[in-house]
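In: Below are the sequence and a predicted model for it; my questions follow.
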Amino acid sequence: MKYCIGIDQGGTKTDTVIMDYDGNILAHGQSGGACYAYNGMETAMSRIWEASEAALKSAGLNLEDIDVIAACLTGADWDFEYELLKNELKKLFNNENIIVENDSIGALRGGTDALQCGIIVMGTGGNIALRNKNGSQFIFGYYLPGEYQGASSLGNKGLYAVIEASIGIIEPTSTTSPVLEYTGAANPEELLMKVSMGKLNIEYKNLSPIVFEEAEKGDAVSKKLINNFAEYLTRCVITARRGLRLT
């Protein structure tokens, strides 16, 4: 019997599962995330191999037992990138049966098998994808501006809200204390200095939960950040929906 490997690689983690053709999941492997365009192809492929090797070991299988590899990868955006990543996976697995999709399509298919559907993906980064009943699809990819790219972008907005509030550009925000605590800055001025000098070594995505927590407590600045984020994503969905003539 031959088996399939399914790969989901995002910015935070890489997940791999091994399945039979009845849809039964036999094993799961995981490693760190990577995007070849930002972290390099060697890093992206090594993370895929780490997760796949763990799954193969858990299932008691070898590469020779694998019939096809289906990979949904961050970084598969422009047309040339699909072929580029497919060729790298062929070399990695010594297998010609490779399927590559953008990671948003994997998330979409995991949520529904409807022909006409859409998805908003907001992880470390972000993406939006829609598909109509004829099979045509639109993936935003790089059309989604950096300032709306998932938790990292929202966290970055939350950080700058603290700085702006400190000089009165916007109203005071209750995110100030938890943001300063996470960044290790004594005050907003020191925070800005660290940012401007490239000395703030943090994961911006980890500031995103602070924005949501303070919004739930009633912080007006946090609520506005989240609402503006959601409004822009909604406009993207509506625009793509019209272009694909979704009813």
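Out: In hand now; what should we look at? Keep in mind that this is a model prediction, so the values were computed, not measured. Residues are numbered from 1 along each chain as shown.
In: Could you use CA atoms for every contact and neighbour count after this?
Out: OK.
In: For the biggest helix by length in the chain, buried residues please.
Out: Secondary structure of the chain read by DSSP state H shows that its longest helix is helix 220-243. Neighbour counts over helix 220-243 (16 or more other Cα atoms under 10 Å) mark 221-223, 225-226, 229, 233, 236-237, 240-241 as buried.
In: List just the nearest of these to Ala54.
Out: Distance to Ala54, by Cα to Cα, is smallest for Leu233 among the buried residues of helix 220-243, at 36.3 Å.
In: who's in contact with that closest one?
Out: Taking Cα atoms under 8 Å, 6 or more residues apart in numbering, we find Leu233 in contact with 120, 148.
In: Quick check: it vs Gly75, distance?
Out: Distance of Leu233 to Gly75, computed by Cα to Cα, to the nearest Å: 20 Å.
In: same deal with Thr239?
Out: Taking Cα to Cα, one finds Thr239 at 23 Å from Gly75.
In: Sketch out the low-pLDDT regions of the chain for me.
Out: Scanning the chain for pLDDT under 70 picks out 247.
In: Map the structural domains onto the sequence of the protein.
Out: 3-111, 113-247 (automatic domain parsing).
In: Identify each buried residue in stretch 10-23, please.
Out: Residues of stretch 10-23 classed as buried: 10-11, 13-19 (neighbour count, 16+ other Cα under 10 Å).
In: Phi first, then psi, for Lys133.
Out: For Lys133, the backbone dihedrals (degrees, to the nearest 10) come out as phi -70, psi -20.
In: tally of neighbours for it?
Out: Using other Cα atoms under 10 Å, Lys133 is surrounded by 14 other residues.
In: what's it in contact with, if anything?
Out: Lys133 sits next to 115-116 when contact means Cα under 8 Å, 6+ apart.
In: Please tell me how far it sits from Arg242.
Out: 13 Å.
In: Mind putting the buried residues of stretch 10-23 into TSV with secondary structure and distance to Ala129?
Out: Formatted as TSV, these follow (DSSP: H, G, I helix; E, B strand; the rest coil; distance: Cα to Cα, whole Å):
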residue	secondary structure	distance to Ala129
Gly10	coil	15
Gly11	coil	17
Lys13	strand	20
Thr14	strand	20
Asp15	strand	21
Thr16	strand	22
Val17	strand	23
Ile18	strand	26
Met19	strand	26
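In: what residues does stretch 52-60 touch?
Out: So stretch 52-60 is contacted by 5, 16-18, 26-30, 62-63 (Cα under 8 Å, 6+ apart).
In: Scan those residues and report the most crowded one.
Out: Neighbour counts for the contacts of stretch 52-60, by other Cα under 10 Å, peak at Thr16, which reaches 26 neighbours.
In: Assess the claim that that one and Asp8 are in contact.
Out: Yes. When contacts are counted by Cα atoms under 8 Å, Thr16 is listed as touching Asp8 (6.4 Å).
In: Tell me where the chain has strands.
Out: Counting by DSSP state E, one finds strands in the chain at the ranges 3-9, 13-19, 25-32, 66-73, 98-102, 117-122, 126-131, 137-139.
In: which one of those lies closest to Phe212?
Out: The closest of the strands of the chain to Phe212 is strand 117-122. By Cα to Cα, the value is 13.9 Å.
In: could you check the angle strand 126-131 makes with that closest one?
Out: Following axes from the mean of the first three to the mean of the last three Cα atoms, to 10 degrees, one obtains 180 degrees for the angle between strand 117-122 and strand 126-131.
In: So which elements touch strand 117-122?
Out: helix 103-111, strand 126-131, helix 150-166 (3 or more Cα pairs under 8 Å, 6 or more residues apart in numbering; DSSP states H and E).
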